[in-house]
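[1] sequence plus the predicted model coming up.
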Amino acid sequence: MTAQSGERRLLIDGKLVDSESGATFDNVNPATLEVLGPVADATPADMVAAIAAARRAFDTTTWATDHAFRRDCLHQLQAALVSEQEELRAELVSEVGCPVLLTYGPQLDAPLREALTWPADQIESFPWARSLGPKDAFGMGQETEREVWREAIGVVGVIVPWNFPVEIILNKLGPVLAMGNTCVLKPAPDTPWNATRLGRLIAEKTDIPPGVVNVVVSSDHLVGEVLTTSPDVDMVAFTGSTATGRRIMAAAAETVKPVFLELGGKSINLVLDDADFSSIGGLASSVCFHGGQGCAMPTRMLVPRSRYDEAVDLAAAGFAGVRYGDPTDASTAHDPGSVGPSALDVAQHPVPLALRHQRAHEVAGVGRVAVADPGEAGRRLVDGLVVARPGHQQPRRHGAALAAVEAHGRRRRDHGRQVGVVEHEVDRLAAQLEEDGLQGLGT
């Protein structure tokens, strides 16, 4: 499988353009560190221009009111994406670093089936208005008619992460556009080409009016902050880290704009004493799928104190059985390197595993380095099993091949191939441990 040359240009006001500065940055394959090609590196001025275009499109066109036209445009975009589905598949494997196997499910095919078409098909039947009947609302002897109208909010800033870019982009754009909003899409700089391809298809193969969708890619994460502070943006939809979500909420408060936030993730597997323990190995090692780059991949396992050692052994065996392969091979379930800050940081700064358990020497061998193209890139990614038991507070270090993970870090939701195994005495205590976090997806 060979990726096609990616689209380097931004989409602003219906035109495919370079950055106003002319700057570009490299799109890099995270599995091989190969430079795939350049993409325009937008500036704050580019973002301002995109927001202005979205504002004009909402205020001066019939996009927000012409239901049939919106439906037809969304189906045009669907057909355009399907026409380049295989090219997009290869592109995702290259820039995300995910196994091609994953693109036949949540990475591409599943969202492409209905993320745009389902909202489009709801437009005609959606209850845009309903009557509440007449009422003398103010007690002044005069009845007035009351109605509830559902309308577009206006310009929506859409900021998406790197791990499942197409899935998240389409599942945001579908409802946003079906409701009649215009938008500015800010994709992650780690995975830009799928978004710029979308921009090109909108410009070349649909009747979507200029400015309704704008795609602004930048290596500078702060360019996205323009969306949160601009008074011309009516709402921000963001998927990403809790820390960034807090910044977006604080910045959006200045203009009192609503925010739609999906933050963090990384929940638990809660194992009770009567559970089938034979599944523990698979549960623990499941974080290795897609390099651990998923918000619903549990990175903590709470197990009964009475069966703790058994659980650690089974989890260790699960990690030991993980095998990696070429992500372009359809039989590969675990790729050597998916994109993501945690994986990249570990690759560049490998650190020893900190174990909080008296059997540290027995489980230290679980961690293993996977090397992609050792002769050229020499990139190292890490798997790790961290076990924690109250009363054993002194960590022991074993080998630079393993990543340091704090098993009790429930408030932090890092992506990566690491699992913490923590014992619990009773179910209620286990629930309290989990609820102490700010968020948790896929518990």
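    That came through, no problem.

[2] walk me through the domains of this protein.
    Domain segmentation of the chain under automatic domain parsing yields 10-125+147-263, 268-435.

[3] give the contact list for residue 24.
    8, 18, 38-41 (C-beta atoms under 8 Å, 6 or more residues apart in numbering). For the C-beta atoms, the positions are set from N, CA and C on the backbone; glycine is no exception.

[4] let's go with 10 Å and repeat that
    Contacts of residue 24 were listed using C-beta atoms under 10 Å, 6 or more residues apart in numbering, and they are 8, 18, 37-41, 217, 219.

[5] where does residue 210 sit, in terms of helix or strand?
    Assigned by DSSP states H and E, residue 210 falls within no helix or strand.

[6] now the end-to-end length of stretch 100-109.
    Start and end residues of stretch 100-109 are separated by 11 Å (C-alpha to C-alpha, to the nearest Å).

[7] give the buried residues for that stretch.
    100-103, 107-108 (16 or more other C-beta atoms under 10 Å).

[8] from these, which two are the most distant?
    101 and 108 (11.0 Å; C-beta to C-beta).

[9] take the domains of the chain and write them to a markdown table, including distance to residue 131 and mean pLDDT.
    Rendered in a markdown table, the data for the domains of the chain read as follows (distance: least, C-beta to C-beta, whole Å; pLDDT from 0 to 100):
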| stretch | distance to residue 131 | mean pLDDT |
| --- | --- | --- |
| domain 10-125+147-263 | 5 | 96 |
| domain 268-435 | 41 | 56 |
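
[10] ok, which of those domains comes nearest residue 139?
    Residue 139 lies closest to domain 10-125+147-263 among the domains of the chain, at 20.2 Å (C-beta to C-beta).

[11] now do that closest one: distance to the chain's middle.
    Between the mean C-alpha location of domain 10-125+147-263 and the chain-wide mean there is a distance of 13 Å, by C-alpha atoms, centre = their mean, to the nearest Å.

[12] flag every buried residue along stretch 147-154.
    152, 154.

[13] quick one on the thing from earlier: minimum distance to residue 138: which of the domains of the chain has it?
    Checking the domains of the chain against residue 138 by C-beta to C-beta gives domain 10-125+147-263 as the closest, at 16.9 Å.

[14] residues in contact with residue 317?
    280-282, 284-285, 366.

[15] who's sitting farthest from the centroid in this structure?
    Farthest-out residue of the chain from its mean C-alpha position, per C-alpha atoms, centre = their mean: residue 141, at 54.8 Å.

[16] doesn't it belong to a strand?
    No - when the secondary structure is assigned by DSSP: H, G, I helix; E, B strand; the rest coil, residue 141 falls in coil instead of a strand.

[17] which residues of the stretch 151-300 of the chain fall in strands?
    155-159, 182-186, 213-215, 235-240, 259-263, 268-270, 300-304 (DSSP state E, counting those that start in this stretch).

[18] picking up where we left off before, columns distance to residue 133 on top of the domains of the chain, output as TSV?
    Listed next are those as TSV, based on distance: least, C-beta to C-beta, whole Å:
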stretch	distance to residue 133
domain 10-125+147-263	10
domain 268-435	43
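
[19] these: which one's closest to residue 132?
    When these are ranked by proximity to residue 132, the top entry is domain 10-125+147-263, at 6.5 Å, counting by C-beta to C-beta.

[20] what residue lies at the spatial centre of the protein?
    residue 161 (4.2 Å).

[21] give me the distance between that one and residue 260.
    Look at residue 161 and residue 260: by C-beta to C-beta, to the nearest Å, they are 14 Å apart.

[22] before we move on, back to that, now, the most widely separated pair of the contacts of residue 317?
    282 and 366 (14.7 Å).

[23] more crowded one of the two?
    Each of residue 282 and residue 366 has its neighbours counted (other C-beta atoms under 10 Å); residue 366 has more, 25 against 13.

[24] only the buried residues of stretch 8-28, if you could.
    By neighbour count on 16+ other C-beta under 10 Å, the buried set for stretch 8-28 is 8-14, 16-20, 24-25, 27-28.

[25] do the same with stretch 109-118
    Buried, per 16+ other C-beta under 10 Å, within stretch 109-118: 111-112, 115-117.

[26] closest one of these to residue 53?
    Distance from residue 53 was checked for each of the buried residues of stretch 109-118 by C-beta to C-beta. The minimum falls on residue 116, at 21.3 Å.

[27] wait, doesn't that closest one sit right on residue 81?
    Yes - with contact defined as C-beta atoms under 10 Å, residue 116 and residue 81 form a contacting pair (7.7 Å).

[28] so what sits against both of the two?
    When contacts are counted by C-beta under 10 Å, 6+ apart, the set common to residue 116 and residue 81 consists of residue 170.
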